[in-house]
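Student: A structural model of the following input is requested.
(chains A and B)
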Amino acid sequence: AQTVTQSQPEMSVQEAETVTLSCTYDTSENNYYLFWYKQPPSRQMILVIRQEAYKQQNATENRFSVNFQKAAKSFSLKISDSQLGDTAMYFCAFMFQGGSEKLVFGKGTKLTVNP
Amino acid sequence: DAEITQSPRHKITETGRQVTLACHQTWNHNNMFWYRQDLGHGLRLIHYSYGVQDTNKGEVSDGYSVSRSNTEDLPLTLESAASSQTSVYFCASSDSRDLTYNEQFFGPGTRLTVL
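Tutor: Below you'll find the model as predicted:
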């Protein structure tokens, strides 16, 4: 079974600075997807960024980028120029490609951006 | 606009009562999922469905049931509510016909308290 580990329960960063959230996962599969979801205080789950395991190039979405290390089974999220609106819970998630399309989530990292 | 809704948004019930949480999506997605979110556990999969008349058990299915009689709805029933089922429940949907982008879209969540 796949497992996803987020080792940082809480983090904080100053506005305009850069922060990196860690995620590791365990799987015997070769083809899969990885996701970062954001959950602000409104509780809505919002997809931040997505990475296909077969792609070597790291995904980027504006201020959000990932460092995907397939051999190390590591998938960290970097947030550049942090904004107050980035304050949220962040969840790393795994999905096996071509299978059940179920998401397996980590326990989350609570990020606070301080003014 | 297409969307996914959940009702009620908040529910307080008593131990032993049957409770049904509604989930409705207007994207015509074939896949639908129910997750529960608890502090320290992230989101865990309860049940999921790949289409009408199809249902499957997830990681934490004991005490829950679902039925899929049409594409738009996947109600979640707690047969006899227990205090351990106090949680926030999220419904999600995705379109498996889109082989290049399999994002799950989440509803706003239902906070259930079992007294």
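
Student: neighbours of the nearest residue to residue B:28 once chain neighbours are set aside, how many?
Tutor: Leaving aside its sequence neighbours, residue B:28 sits nearest to residue B:71 (Cβ to Cβ, 6 or more residues apart in numbering or on different chains; 6.0 Å). C-betas here are computed from N, CA, C, even on glycine. Neighbourhood size, residue B:71 [other Cβ atoms under 10 Å in any protein chain shown]: 17.

Student: residue B:71 and residue B:54 touch, don't they?
Tutor: No: if you go by Cβ atoms under 8 Å, residue B:71 and residue B:54 don't touch, sitting 11.0 Å apart.

Student: distance from the longest strand anywhere in chain B to the middle of the chain?
Tutor: Using DSSP state E, we find that the single longest strand of chain B is strand B:42-51. Relative to its parent chain, strand B:42-51 has a centroid offset of 7 Å by Cα atoms, centre = their mean, to the nearest Å.

Student: skipping its backbone neighbours, what lies nearest residue A:23 in space?
Tutor: Using Cβ to Cβ, 6+ apart, the nearest residue to residue A:23 is residue A:92, at 3.5 Å.

Student: contact partners of the helix or strand that contains that neighbour?
Tutor: Taking DSSP states H and E as the definition, residue A:92 sits inside strand A:88-96. Identification of contacts with strand A:88-96 by Cβ atoms under 8 Å, 6 or more residues apart in numbering or on different chains yields A:2, A:4, A:6, A:21, A:23, A:25, A:27, A:29, A:31-41, A:45, A:48, A:75, A:77, A:101-106, A:108-111, B:42-43, B:102.

Student: of the residues you listed, which belong to strands?
Tutor: Residues of the contacts of strand A:88-96 located in strands (DSSP E): A:4, A:21, A:25, A:32-39, A:48, A:75, A:77, A:104-105, A:109-111, B:42-43.

Student: mind listing the residues bridging to residue B:44?
Tutor: Applying DSSP bridges to residue B:44 gives these bridge partners: residue B:36.

Student: per-residue confidence for it?
Tutor: The model reports residue B:44 with a pLDDT of 95.

Student: residue A:29 now?
Tutor: Residue A:29 is assigned 86 on the pLDDT scale.

Student: can you check residue A:1 too?
Tutor: Per-residue pLDDT puts residue A:1 at 74.

Student: now do residue B:29
Tutor: Listed pLDDT for residue B:29 reads 91.

Student: over to the one 4 residues further on?
Tutor: Predicted confidence (pLDDT) at residue B:33: the value is 95.

Student: rewinding a little: quick one, phi psi at the residue nearest to residue B:28?
Tutor: phi -70, psi -30 (degrees, to the nearest 10).

Student: just want the most central residue of the chain.
Tutor: No chain specified, so I'll use chain A. By Cα atoms, centre = their mean, chain A has its centre lying nearest to residue A:36, at 3.2 Å.

Student: correction: the question concerned chain B.
Tutor: Mean-position check on chain B, Cα atoms, centre = their mean. Result residue B:34 at 2.8 Å.

Student: thanks a lot, catch you later.
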